[in-house]
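Asker: quick one: sequence and predicted model below, then my questions.
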Amino acid sequence: MSKGSPILKVTFQMDFNDFYNFNMHVSKEMIDKSKKKVTIFGAMEIVMAVVFLVLNFTSQSNSSLNLVLAVALLCMGLFSVLFYPAFFERQLSKAVKKTFDQNEYFHNDVTLEFLEDKIFETSCVGTGSVAYKDLQKVYRLGDCLILRMSKEGGYVLPLKAIGEEKIEQIEELVRRKMDEAELEEAEELDREADELAAQEEEGSEGSGDPLSERNGEQ
């Protein structure tokens, strides 16, 4: 079955910097929550370490166990507080780069055809499509246009590979198609509600009022 002629068509390759920025963007909320949690626990460990040190040096009988505990807690706390700013972003960058390097999808051309009702994708891993109604939002991120399909995924269209004029055309088209799909969905819900109301009205008219009917017979 033919998919029809595209309204717009673009072919591009993903750039690592764009891929990295998108991954950091979609992971930001998770990273911030984890960072806050780790920082709180780290601060608590540092406070407990200080308490153990104070108790150890102010008490008459110095306890080597308290000293070891205090040093261990202090090291753990400092590691927790410093972990994200010092190590996390570097480790995440390595993980993202490894994913980018090992995935053929990012090193070959990707073609997107913008049809009347969906976006059709052709790449080295095969073909696929997404309906405009299934897109969550469209926005700019740096030098890219993002077509978000979920919290973690979406199409990243690089401006430098596609050009500003084509990007603007795509953005306008996709926004219009999303609005049309949203309007069609709202109209369908209205039709379903009207049909349900009509069915309930017909049911109430058909059942009548048994008590009124008996009084009429008498």
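Answerer: On my side now, so go ahead.
Asker: alpha carbons only for contacts and neighbour counts from here, please
Answerer: Noted.
Asker: which stretch of helix or strand covers the residue most central in space within the chain?
Answerer: Geometric centre of the chain, nearest residue: residue 151, 1.4 Å, by CA atoms, centre = their mean. Residue 151 is part of no helix or strand, with elements assigned from DSSP states H and E.
Asker: could you do residue 53 as well?
Answerer: Here residue 53 is assigned to helix 16-58, by DSSP H and E.
Asker: how near is residue 151 to residue 185?
Answerer: Residue 151 sits 22 Å away from residue 185 when distances are taken as CA to CA, to the nearest Å.
Asker: by contact count, what packs against the helix holding residue 53?
Answerer: Under the contact criterion of 3 or more CA pairs under 8 Å, 6 or more residues apart in numbering; DSSP states H and E, helix 16-58 touches helix 64-83, helix 89-102, strand 154-158.
Asker: and the residue nearest to residue 139 when sequence neighbours are not counted, how many neighbours?
Answerer: In space, and not counting its chain neighbours, residue 139 is closest to residue 146: 5.4 Å by CA to CA, 6 or more residues apart in numbering. For residue 146, the count of nearby residues is 20 (other CA atoms under 10 Å).
Asker: packing partners of the helix or strand in which residue 146 is found?
Answerer: Residue 146 is part of strand 144-148, with elements assigned from DSSP H and E. Using 3+ CA pairs under 8 Å, 6+ apart as the contact test, the elements touching strand 144-148 are strand 137-141, strand 154-158.
Asker: give me the number of residues near the nearest residue to residue 13 once chain neighbours are set aside?
Answerer: Leaving aside its sequence neighbours, residue 13 sits nearest to residue 109 (CA to CA, 6+ apart; 5.0 Å). Look at residue 109: counted by other CA under 10 Å, it has 16 neighbours.
Asker: any idea how far residue 109 is from residue 124?
Answerer: 7 Å.
Asker: try residue 159
Answerer: 21 Å.
Asker: quick one, which of these two is more surrounded?
Answerer: residue 159 (18 against 13).
Asker: my guess is that one meets residue 145, correct?
Answerer: Yes: with contact defined as CA atoms under 8 Å, residue 159 counts as touching residue 145 (7.2 Å).
Asker: buried ones in stretch 88-96, by neighbour count?
Answerer: In terms of neighbour count (16 or more other CA atoms under 10 Å), stretch 88-96 has its buried residues at residue 96.
Asker: noted, bye for now.
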